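1. next come a sequence and a model predicted from it.
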Number of protein chains: 2
Amino acid sequence: MTEVPSRGFPETEFEARTHRAQFRMAAAAIDGILFTSEPEIRYFSGFQTLFWQSPTRPWFLYLPSTGKPIAIIPEIGAQLMHSTWLDDIRTWSAPCPEDDGVSLLTELLTPLARERKTLGVMKGHETGLRMPLGDYERLLQGLPNLSIADATGLVRSLRMIKSEREIEKLAHICAIGSRTFAKIPELAHEGQPFEDLFRAFRREGLAQGADDVPYLVGGADQGGYHDVISPPSRRPLARGDVLMLDTGAVWDGYYCDFDRNFAVGTADEATQRAYDVLWRATEAGINAARAGVTCHQLYQVMRGVIAELDDRGGDVGRLGHGLGMQLTEWPSHAPFDHTPIAENMVLTLEPSLSYGDARIMVHEENIVIREDGAQLLSERASRDLPVI
Amino acid sequence: MTEVPSRGFPETEFEARTHRAQFRMAAAAIDGILFTSEPEIRYFSGFQTLFWQSPTRPWFLYLPSTGKPIAIIPEIGAQLMHSTWLDDIRTWSAPCPEDDGVSLLTELLTPLARERKTLGVMKGHETGLRMPLGDYERLLQGLPNLSIADATGLVRSLRMIKSEREIEKLAHICAIGSRTFAKIPELAHEGQPFEDLFRAFRREGLAQGADDVPYLVGGADQGGYHDVISPPSRRPLARGDVLMLDTGAVWDGYYCDFDRNFAVGTADEATQRAYDVLWRATEAGINAARAGVTCHQLYQVMRGVIAELDDRGGDVGRLGHGLGMQLTEWPSHAPFDHTPIAENMVLTLEPSLSYGDARIMVHEENIVIREDGAQLLSERASRDLPVI
């Protein structure tokens, strides 16, 4: 068992995040940013709770051009928010459909609107609006002179680069994920309903130290699986199945995201060849992933190997992505993403291919980019398809 | 172990949901509804996957005024969507930030816009927009003659009333939650870091048959806890602690949501009194919860008992809520909610109070409303605070 990192972050980390954001806000002529979503609010405040799973109450964080962020939150979160580095915490008794924070936000933003300034909001790729759309529209109607700018690029540029403390947490959960996958030969057996293997995997992940295993998908079928996002069936594992599990386990609010393939009893040649191609595609990705290479170039390197077996380009849209407080984050290893890879990015490499009769296979590893290139956070998948 | 219900729903259930929605759409002069969020898309299609945890790709379901819903989804979900009752499934290779479904949606909705019809969108209480706000605005700009109406009330009125098959799933996960709580005296012990009890509880929930235990919060402190939404600390449980765990475990996409309190070794008189008041407040709620009573009235019944110890009204905003595919759903037992309780609603009763030196206590049970009143789905909490 590796040493467990400490939870949370020192105040200096939130100060640094805030200062970096404010520096970029000044450059982008954004005078304040209003956040509604969990990862951004946690990123700037340290506020961490599973209570976000309840859709009932909206939560807001306002990042001004100088000074600490301001929380505008339901009273039920006041005690926890006061334990963060924030000083200015404004609350209301929520839920209150007639006024769920809207008048508090209006009061906060009115000076900005009066001066015809610009408010940043997350409007771009991989974001959503975590407040009622009607309330958002009502808020803006009450602030007619406020300009709205998309803050996605600004926030993305910050969050993509991880701090050493973030990397430490990510390395920790990846190690937990690796130890959990190492137990699969003990946990899985012929005749076992696939659903029961999911349950056993989750229990093992918790035993290995994960706070939770919220994401677990997979496939298992004779000679290869056909789908990678389904919940498990009660179908029993059978000799000749190819089995894949893909997990997002979490520790202190940071995710691992990788998968492993196994053959039950035996594997046919087509499957072994698919495994070999994907293992080498991943290897090529690991070797190519270094500061300065773009995500598109990294995609092409992996595609080059995959094309040995499947030259159609695939339907999953990308061959990996960023990783951190969310299971999937910017950037994407895809033709549309020309982001230069940079030191301290944490990324997944996720080549996939179709083969045989509508069978698919996916491989995935997690890496951090260092000065001298990629460093594995997940324990590298075995060179040959493991038979259990 | 009770018998395990079957997973999923027969096609007739989705047909019935769709017809009921279309009947109400006609009455509300809504010509189609566009959904972006997981529970609504699942409700009308049966599409169930944990892949929603990845924020990268938007998913859309369009409910026309007649006929089956239409899915507009990333290609990665095509195989799984084809296993549902839907016929019309339109896909694109996502992610594609330049056009993540927007042109497919524009094509679909252009006839509606041309005829100056009304599109329903979820804009109200307890909803959010699960697609990039920028894409939503862009979509509407391309459909200038389309009217937008808030479909929240319509969907809420359907989803609040559960079918027998939904109730069966909810009863099953509540039974699993009850069996898990029953193990707490074995799982918890003095000196145990609170974090480890969380892990043990999750493992037990899985062993008892839960698909997952995504929501678990709680508190533990000398003489009473102070916060009910925090993640667990490493602080060891000590004699004199009052301990509370609140869980949302899930089976086949349906939640339980209730909590239990325990005293470690001993409990002081103030805590025992708080427990007694809340137990009786819950009991009053169970007796009062029947068809025709409003949520506000139910709130008042529970408040009447709570007032024996705490007459300030509390900061949590409500004393229970709906339960189903989400941890918390409409309605709310709160002064603002005058929804009449109806047969086959599944509800939580969740009275809480403050006492002593900033200590709080919460109780919670899950019920289904039947012809003759409330029927417990959770096993009723013991009459006196259990000492472990």
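-> Received it, and whenever you're ready, just let me know what you need.

2. the strands in the stretch 201-350 of chain A, which residues?
-> All strands of the stretch 201-350 of chain A, identified by DSSP state E, counting those that start in this stretch, fall at A:212-222, A:241-251, A:254-255, A:258-263, A:321-322, A:329-332, A:346-349.

3. residue contacts, the residue lying farthest from the centre of chain A?
-> Distance to the chain centre peaks in chain A at residue A:114, reaching 37.6 Å (criterion: CA atoms, centre = their mean). Taking CB atoms under 8 Å, 6 or more residues apart in numbering or on different chains, we find residue A:114 in contact with residue A:145. Glycine gets a C-beta too; all of them are placed from N, C-alpha and C.

4. now the strands of the stretch 201-350 of chain A in CSV, with mean pLDDT?
-> Formatted as CSV, the strands of the stretch 201-350 of chain A follow (pLDDT from 0 to 100):
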stretch, mean pLDDT
strand A:212-222, 95
strand A:241-251, 97
strand A:254-255, 98
strand A:258-263, 97
strand A:321-322, 98
strand A:329-332, 97
strand A:346-349, 98
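
5. what about chain A, any weak spots by pLDDT?
-> A:1-2, A:313-316 (pLDDT under 70).

6. the residue farthest from the centre of chain A and chain B: what is the separation?
-> Distance of residue A:114 to chain B, computed by CB to the nearest CB, to the nearest Å: 24 Å.

7. kindly report the same for residue A:192.
-> Counting by CB to the nearest CB - residue A:192 and chain B are separated by 15 Å.

8. equivalent analysis for residue A:152, please.
-> Relative to chain B, residue A:152 is positioned 8 Å away (CB to the nearest CB).

9. dump stretch A:25-34 to PDB, restricted to CA.
-> Extracted as PDB, the C-alpha positions of stretch A:25-34 are listed here (Å, rounded to 0.1, in the frame of the first residue of the first chain):
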ATOM      1  CA  MET A  25      -9.700  37.700 -16.800                       C
ATOM      2  CA  ALA A  26      -7.900  41.100 -17.000                       C
ATOM      3  CA  ALA A  27      -6.300  40.000 -20.300                       C
ATOM      4  CA  ALA A  28      -9.700  38.800 -21.600                       C
ATOM      5  CA  ALA A  29     -11.600  41.900 -20.400                       C
ATOM      6  CA  ILE A  30     -13.800  39.800 -18.200                       C
ATOM      7  CA  ASP A  31     -14.800  41.600 -15.000                       C
ATOM      8  CA  GLY A  32     -16.200  38.700 -13.000                       C
ATOM      9  CA  ILE A  33     -17.200  35.100 -13.600                       C
ATOM     10  CA  LEU A  34     -20.300  33.400 -12.300                       C
END
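
10. give me the buried positions along it.
-> Buried residues in stretch A:25-34, defined by neighbour count with 16 or more other CB atoms under 10 Å in any protein chain shown: A:25, A:30, A:31, A:32, A:33, A:34.

11. what's around the residue nearest to residue A:336 when sequence neighbours are not counted, how many residues?
-> Leaving aside its sequence neighbours, residue A:336 sits nearest to residue B:97 (CB to CB, 6 or more residues apart in numbering or on different chains; 6.0 Å). Residue B:97: 19 surrounding residues under other CB atoms under 10 Å in any protein chain shown.

12. get me the contact residues on the stretch 201-350 of chain A for chain B.
-> A:202-203, A:206-207, A:211-217, A:226-231, A:234, A:248, A:315-318, A:321, A:326-328, A:332, A:334, A:336 (CB under 8 Å from any CB of the partner chain).

13. filter these down to the buried ones and express that as a ChimeraX selection.
-> Those of those that count as buried under 16+ other CB under 10 Å are selected in ChimeraX with:
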select /A:202,203,206,211,212,213,214,215,216,217,227,228,229,230,231,248,315,316,317,318,321,326,327,328,332,334,336
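
14. show me the residues of the stretch 201-350 of chain A next to chain B that map onto helices.
-> The helices, defined by DSSP state H, take in A:202, A:203, A:206, A:207 from these.

15. now do the contacts for the third one.
-> Looking back up the chat, that one is residue A:206. For residue A:206, the contact set (CB under 8 Å, 6+ apart) comprises A:212, A:213, B:199, B:202, B:203.

16. nearest to residue A:103, of the residues you listed?
-> residue A:212 (35.9 Å; CB to CB).

17. contact partners for the closest residue in space to that closest one that isn't next to it in sequence?
-> The shortest distance from residue A:212 to any non-neighbouring residue, by CB to CB, 6+ apart, is to residue A:250 (5.2 Å). Contact analysis of residue A:250 by CB under 8 Å, 6+ apart lists A:173, A:210, A:211, A:212, A:213, A:214, A:256.

18. the second one against residue A:249, yeah?
-> By that I understand residue A:210. Yes - counting by CB atoms under 8 Å, residue A:210 does reach residue A:249; the two are 4.2 Å apart.

19. hey, what's in contact with both of the two?
-> Residues touching both residue A:210 and residue A:249 by CB under 8 Å, 6+ apart: A:173, A:176, A:177, A:180.

20. pick the one among those closest to chain B.
-> Chain B lies nearest to residue A:176 out of the shared contacts of residue A:210 and residue A:249, by CB to the nearest CB, at 11.6 Å.

21. out of the buried residues of stretch A:25-34, which sit inside helices?
-> The helices, defined by DSSP H, take in residue A:25 from the buried residues of stretch A:25-34.

22. please report the distance of residue A:194 from residue A:218.
-> 8 Å (CB to CB, to the nearest Å).

23. now residue A:229
-> 9 Å.

24. equivalent analysis for residue A:168, please.
-> Residue A:168 sits 28 Å away from residue A:218, going by CB to CB.

25. what do you get for residue A:85?
-> Taking CB to CB, one finds residue A:85 at 40 Å from residue A:218.

26. also residue A:266?
-> Between residue A:266 and residue A:218 the distance, using CB to CB, works out to 19 Å.

27. what is the burial count for residue A:15?
-> Neighbour count of residue A:15, defined by other CB under 10 Å: 12.

28. helix, strand or coil for it?
-> Counting by DSSP: H, G, I helix; E, B strand; the rest coil, the backbone at residue A:15 sits in helix.

29. so which strand or helix has the nearest residue to it once chain neighbours are set aside?
-> Counting by CB to CB, 6+ apart, residue A:15 lies nearest to residue A:85, which is 7.6 Å off, once chain neighbours are set aside. Using DSSP states H and E, residue A:85 is not contained in any helix or strand.

30. quick one: contacts for residue A:85?
-> Counting by CB under 8 Å, 6+ apart, residue A:85 makes contact with A:11, A:14, A:15, A:45, A:46, A:68.

31. can you tell me how far the residue nearest to residue A:336 is from residue A:283?
-> 29 Å.

32. swap in residue A:9?
-> Plainly put, residue A:9 is 34 Å away from residue A:283 if you go by CB to CB.

33. mind listing the shared neighbours of residue A:229 and residue A:218?
-> With CB under 8 Å, 6+ apart, residue A:229 and residue A:218 have no common neighbours.

34. tell me which element the closest residue to residue A:227 other than its chain neighbours falls in.
-> Among residues not flanking residue A:227 along the chain, residue B:79 sits closest, at 4.6 Å (CB to CB, 6+ apart). Using DSSP H and E, residue B:79 sits in helix B:78-82.

35. ok, then the element right after that helix?
-> Helix B:78-82 is succeeded, C-terminally, by strand B:89-92 (DSSP H and E).

36. for residue A:120, give me its contacts.
-> Neighbouring residues of residue A:120 by CB under 8 Å, 6+ apart: A:25, A:28, A:30, A:32, A:33, A:34, A:63, A:148, A:149, A:150, A:151, A:154.
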